[in-house]
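> Sequence below, structure please.
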Amino acid sequence: MPKTSNSTSKRAKSPYSYSLDAKIRQLLLVNPTLDFKVALRTLNSLPTLSIRDKEGWVKTLEQKRSEFEIDAIENSDAADYVRDHIKMWNTHIGPLSLTDVSTIIKNSDIKLAEVAGDLLCPKEISLMLNQFLIGQEEYSHKLALCFYLHIMRNKSDMQLPRANLLAYGPSGVGKTFGPQKLAELFGFHLGIVNCNNLVQEGIHGPRITDVFDYLYGLADCDEDNITDAVILFDEFDKLFAPGEFNERILNELLNVIDDNNSVSFTHGYNDLVRIPTKNMLFIFSGVFKGIERIVAKRLNAHGVGFECQANRNAILGDYHKYVQEADFANFFKRDELTGRISQYAYVNNMTVDTMTHILLEAKESPFCNFQNYFSTKGIHLYITLEGAKAIAQHAYNRKLGVRGLKSTLFEVLDDHMYSLTPDDIIVDEEFVKRKIA
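This next block holds a predicted model:
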């Protein structure tokens, strides 16, 4: 019979043992009410623990984490526990990121901005967002700055700049996902307005004020809970098609997003509610088809001859590098609207490499949802690098962005999702080709 030390050493080097070590470290991180001396001692003893001991720790720590999530809802001291835990971890184990802090408070009522301390800055917000929003660094940077300013404006009595943002680019690349994810991580109420079917006040149909009525009800009719809301106007470019109705809707919008204005709406049958919009963050997104022609015209790329044709093709193919605020002013035909938008961000089209990365590495990858589905029946779903590339290539060819990844995964896996045959599934290149050939 082998010696215990040799057996322990051999087990500690197994992949399963390493995965347990990582899981225990993560669970110790997300258990802020655990005595930190116990946490430190457990981390230091991992090389000597048996597989059975590690599995026992995982079970214990998972239970304590569940207890913390329940307790954090009712315990007003929960945020203090988290702050102390972060301080001790930074001092004795290593520096944490804003992503780590967001993981600690996940599924609790603790606000990220309340416990982040010095980690709350645009760079850390961007790094956190990049784990969800892949391949969109420019957009991530600008969105992070907007949210940081939004947080600081609502925390401080100082007069700080307001940073409403306009995001433009192809469909399915994350224009709405980015604000949704940051609003979720920071605990802001988020309202989305689909501008494609808006009507003006007084006409039956969706109106701008509906989103505020919805958020007011969501906040238990407490207006103080939504004065810092994030409002996203999706398909914003649709409002600039010629038409009298659109002009009136834009006038209503200008009143809502004015720096010192408010929005009024009727809640229920009789209650007239008035909520200030000064401290809300407004984000506008859309494809903005036609902005490239405005850029080309400004750069005088519509002349004749080979050189002008070459310049025009270069600009139209990479127009976002040349876009200026004046081009959007030309698109809007409303100078007062341009003055209420501080930031403009282009959201890149997806490449095959980017979509492959999303499948394999992004937090909340669409592939994880399918893994979760099969796990309900004890079926393991795996994907190889070549399989991910094949799915990404198919989605890229359809020009649907991340939405194309989701629909392609359904196309590839629908037979197995229906039959639920109790065999593990490996999605490799050949598997994908058989399904979508």
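> can you count the residues close to the nearest residue to Asp335 once chain neighbours are set aside?
The shortest distance from Asp335 to any non-neighbouring residue, by CB to CB, 6 or more residues apart in numbering, is to Ala329 (6.0 Å). Every C-beta, even on glycine, is put in place using the N, C-alpha and C of the backbone. As a burial measure, Ala329 scores 16 neighbours (other CB atoms under 10 Å).
> now swap in the one 5 residues further on and tell me
By other CB under 10 Å, 17 other residues sit near Arg334.
> dump the residue contacts of it.
250, 254 (CB atoms under 8 Å, 6 or more residues apart in numbering).
> what's in contact with the top helix by length along the chain?
Among the segments of the chain that qualify as a helix by DSSP state H, the longest is helix 51-74. For helix 51-74, contacts defined as CB under 8 Å, 6+ apart pick out 11, 14, 16-17, 20-21, 23-24, 27-28, 30-34, 42, 46, 49, 78, 105, 107-110.
> quick one: average pLDDT of the helix or strand following it?
Downstream of helix 51-74, the next assigned helix or strand under DSSP states H and E is helix 78-92. Averaging pLDDT along helix 78-92 gives 95.
> which residues does Ile208 contact?
With CB under 8 Å, 6+ apart, Ile208 has these contacts: 193, 198, 201, 249, 252-253, 256, 263.
> do Thr384 as well
Counting by CB under 8 Å, 6+ apart, Thr384 has contacts 426-429.
> In the residues you listed, which residue is surrounded by the most others?
Val427 (24 neighbours).
> That residue pairs with what?
Ile383 (DSSP bridges).
> SS state for Asp228?
The three-state label given to Asp228 by DSSP: H, G, I helix; E, B strand; the rest coil is coil.
> Tell me how many other residues surround Glu138.
12.
> Correct me if wrong: it contacts Tyr346.
Yes: taking contacts as CB atoms under 8 Å, Glu138 lies within contact range of Tyr346: 6.5 Å.
> my guess is Val193 meets Asp234, correct?
Yes: with contact defined as CB under 8 Å, Val193 reaches Asp234; the gap is 6.7 Å.
> who has more neighbours, the two?
Taking other CB under 10 Å, Val193 and Asp234 do not tie; Val193 has more neighbours (25 against 19).
> what's the helix or strand harbouring the more buried one packed up against?
For Val193, the enclosing helix or strand under DSSP H and E is strand 190-194. Contacting strand 190-194 under the criterion 3 or more CB pairs under 8 Å, 6 or more residues apart in numbering; DSSP states H and E are the following elements: helix 177-186, helix 210-218, strand 230-234.
> Next, format the ones you listed as CSV and append mean pLDDT and distance to Ile275.
Formatted as CSV, the helices and strands packed on strand 190-194 follow (pLDDT from 0 to 100; distance: least, CB to CB, whole Å):
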stretch, mean pLDDT, distance to Ile275
helix 177-186, 96, 17
helix 210-218, 94, 6
strand 230-234, 97, 11
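> Return the most buried member of the ones you listed.
strand 230-234 (a mean of 23; mean count of other CB atoms under 10 Å).
> for the helix or strand just after that one, the distance to its chain's centre please.
Scanning forward in sequence from strand 230-234 by DSSP H and E, the next helix or strand is helix 244-257. Chain-centre distance of helix 244-257: 28 Å, with CA atoms, centre = their mean, to the nearest Å.
> do stretch 123-140 as well
9 Å.
> Send me that stretch as PDB with only the CA atoms.
The C-alpha coordinates for stretch 123-140 follow below in PDB (Å, rounded to 0.1, in the frame of the first residue of the first chain):
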ATOM      1  CA  LYS A 123     -10.900  51.200 -16.200                       C
ATOM      2  CA  GLU A 124     -12.100  48.500 -13.700                       C
ATOM      3  CA  ILE A 125     -15.700  48.900 -15.000                       C
ATOM      4  CA  SER A 126     -14.500  48.300 -18.500                       C
ATOM      5  CA  LEU A 127     -12.400  45.300 -17.600                       C
ATOM      6  CA  MET A 128     -15.400  43.800 -15.900                       C
ATOM      7  CA  LEU A 129     -17.700  44.500 -18.900                       C
ATOM      8  CA  ASN A 130     -15.100  43.000 -21.200                       C
ATOM      9  CA  GLN A 131     -15.700  39.500 -19.700                       C
ATOM     10  CA  PHE A 132     -19.300  39.700 -21.000                       C
ATOM     11  CA  LEU A 133     -19.000  42.000 -24.100                       C
ATOM     12  CA  ILE A 134     -16.200  40.500 -26.200                       C
ATOM     13  CA  GLY A 135     -14.300  42.400 -28.900                       C
ATOM     14  CA  GLN A 136     -15.800  45.800 -28.200                       C
ATOM     15  CA  GLU A 137     -13.100  47.700 -26.400                       C
ATOM     16  CA  GLU A 138     -13.900  51.200 -27.700                       C
ATOM     17  CA  TYR A 139     -17.600  50.800 -26.800                       C
ATOM     18  CA  SER A 140     -16.700  49.200 -23.400                       C
END
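> quick one: contacts of that stretch?
By CB under 8 Å, 6+ apart, stretch 123-140 touches 97-99, 102, 116, 141, 143-144, 147-148, 167, 173-175, 177-178, 181-182, 185, 345-348, 350-351, 354, 357-358, 361-364.
> Can you mark which positions in it are buried?
Across stretch 123-140, burial judged by 16 or more other CB atoms under 10 Å covers 124-130, 132-136, 139-140.
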